[in-house]
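**Student:** Sharing a sequence plus its predicted fold:
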Amino acid sequence: MSFDPNEHQHNRYNPLKDEWVLVSPHRMLRPWSGQVENAPTDKTPSFDPNNPLCPGVERPCGIKTPEYDSVYVFKNDYPALLEDSPSPNDNNDDLFKSISAKGTCRVICFHPKSDMHLGTMKNEEILDVINEWVKQTEDLGKKYVWVQIFENRGAIMGCSNPHPHCQVWASNFLPNEPRIKDKNLKEYYQKNGRPLLIDYVKKELDKQERIVYENDEFVVLVPYWAFWPFETMVLPKKQVLRFTDLNETQRNCLADVLKVLVSKYDNVFKCSFPYSMGFHGAPTGDEYKRNQDHWSFHAMFYPPLLRSATVKKFMVGYEMFAQVQRDLTPEKAAKVLRDQNKIHYKMN
Ligand code: H2U
């Protein structure tokens, strides 16, 4: 019997994390009698007088959210990182190391209406959000080495509020995910003299096996090494170091791919498809002084749903103790997403 990646188990290498992923396609046939989630609701009212993220509503901290009509940014009332807080003393003990953690956390509301999201907002409205992401990266990047912008969508992904919003956490340290990625991108650049993600996007465009959608400037694909069932990456075709380096055409094209991708996700199970998404680009702060040619800006979407709106993938057992594993192949997931209408089912 000869090897068929669509049928036979194998390991795939993730060069961004220096990790392997076990792919077990034959396992898709197993019956499911485990936990079933409530279908993610898409019946959010456009205004809720008790929702602190809605315009004109007083938040529990006593501050009134203004009557905003576009994008609205505020300092998180319950931040994980504070700007001024005592730091631990330097500690040379290998087993009890600690370093300073300072930073700031903000919340960005995408739209005044709670029933809107990236799949249903107009391109110009998404562009306003992108311009705000650029502004936040520029502003916080002056002081902080890492500015993490991320969106949790759906209660299943820990999102605490159905209003369309994301968070920005800026820190004086490089968190684990970008720290490991930076090391691997640098090693690839030193070995090959080209940025890994630019080589990768070119090869994926040649292969045409995992592409979900593309426009003039951006590609959406399910990475070869994806571990979440419908995980995707949004990559620029030309190297862009950070949010702040996106030109006007690229910002417009990014608005288009985000709208199409979120619409395609929702169309898969005709539900509000939960995910955590986030952006990575070259580090900021003091890192502006160093060469960052090994980096290229990109977004990652990690959605947990696997078989339906109510069955999610659990990252437990083998994933916790050995390595990540998936059943659905990245190629099949890409085809499912590619075949979806690019217009959101509620807009049809
Ligand atoms: P999540 O939905 O991803 O949890 O983000 C919502 C954030 O909004 C969360 O970090 C903040 C929470 O601390 N928040 C406020 O700052 N003030 C509020 O009144 C509600 C929520």
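**Tutor:** It's in. Residues are numbered from 1 along each chain as shown.
**Student:** all contacts plus neighbour counts: C-alpha atoms, from now on.
**Tutor:** Noted.
**Student:** For residue 63, see how far away residue 83 is.
**Tutor:** According to CA to CA, to the nearest Å, residue 83 and residue 63 sit 20 Å apart.
**Student:** Whichever strand or helix holds residue 205 packs against which elements?
**Tutor:** Assigned by DSSP states H and E, residue 205 falls within helix 196-207. Applying 3 or more CA pairs under 8 Å, 6 or more residues apart in numbering; DSSP states H and E, we find helix 196-207 packed against helix 176-192.
**Student:** can you state the direction angle for the helix it packs on and helix 196-207?
**Tutor:** Using axes from the mean of the first three to the mean of the last three CA atoms, to 10 degrees, one finds that helix 176-192 and helix 196-207 are set 80 degrees apart in direction.
**Student:** Please point out which parts of helix 176-192 sit buried.
**Tutor:** 178, 181, 182, 184, 185, 186, 188, 189 (16 or more other CA atoms under 10 Å).
**Student:** can you tell me which of those lies nearest to residue 27?
**Tutor:** The nearest member of the buried residues of helix 176-192 to residue 27, counting by CA to CA, is residue 181 at 30.2 Å.
**Student:** Around the residue nearest to the closest one when sequence neighbours are not counted, count how many other residues there are.
**Tutor:** Spatially, and ignoring its direct neighbours in sequence, residue 181 is nearest to residue 16 (5.2 Å; CA to CA, 6 or more residues apart in numbering). The tally of other residues near residue 16 (other CA atoms under 10 Å) stands at 18.
**Student:** Return the per-residue confidence for residue 16.
**Tutor:** The model reports residue 16 with a pLDDT of 98.
**Student:** List of residues touching the helix holding residue 205?
**Tutor:** 185, 188-189, 210-211, 219, 235, 237-239, 294-296 (CA atoms under 8 Å, 6 or more residues apart in numbering).
**Student:** which one among those gets closest to the ligand?
**Tutor:** If you rank these by distance to the ligand using CA to the nearest ligand atom, residue 235 comes first, at 23.6 Å.
**Student:** C-alpha coordinates for whichever helix or strand the closest one is part of, PDB please?
**Tutor:** If you go by DSSP H and E, residue 235 is part of strand 232-236. Output of strand 232-236 as PDB, limited to C-alpha atoms (Å, rounded to 0.1, in the frame of the first residue of the first chain):
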ATOM      1  CA  THR A 232      -6.200  29.600   9.000                       C
ATOM      2  CA  MET A 233      -3.500  32.100   8.400                       C
ATOM      3  CA  VAL A 234      -3.900  35.500   6.600                       C
ATOM      4  CA  LEU A 235      -0.600  36.400   4.900                       C
ATOM      5  CA  PRO A 236       0.500  39.300   2.700                       C
END
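**Student:** immediately after it, which helix or strand?
**Tutor:** Helices and strands here follow DSSP H and E; after strand 232-236, the next one along the chain is helix 248-269.
**Student:** and the angle for that next one with strand 232-236?
**Tutor:** Using the same axes, to 10 degrees: helix 248-269 against strand 232-236 is 160 degrees.
**Student:** Could you give me the buried positions within helix 248-269?
**Tutor:** Within helix 248-269, the residues that qualify as buried are 250-268, counting by 16+ other CA under 10 Å.
**Student:** for the spatially most central residue of the chain, what are its contacts?
**Tutor:** Nearest to the geometric centre of the chain sits residue 277, at 2.0 Å (CA atoms, centre = their mean). For residue 277, the contact set (CA under 8 Å, 6+ apart) comprises 150, 151, 152, 299, 300, 301, 302.
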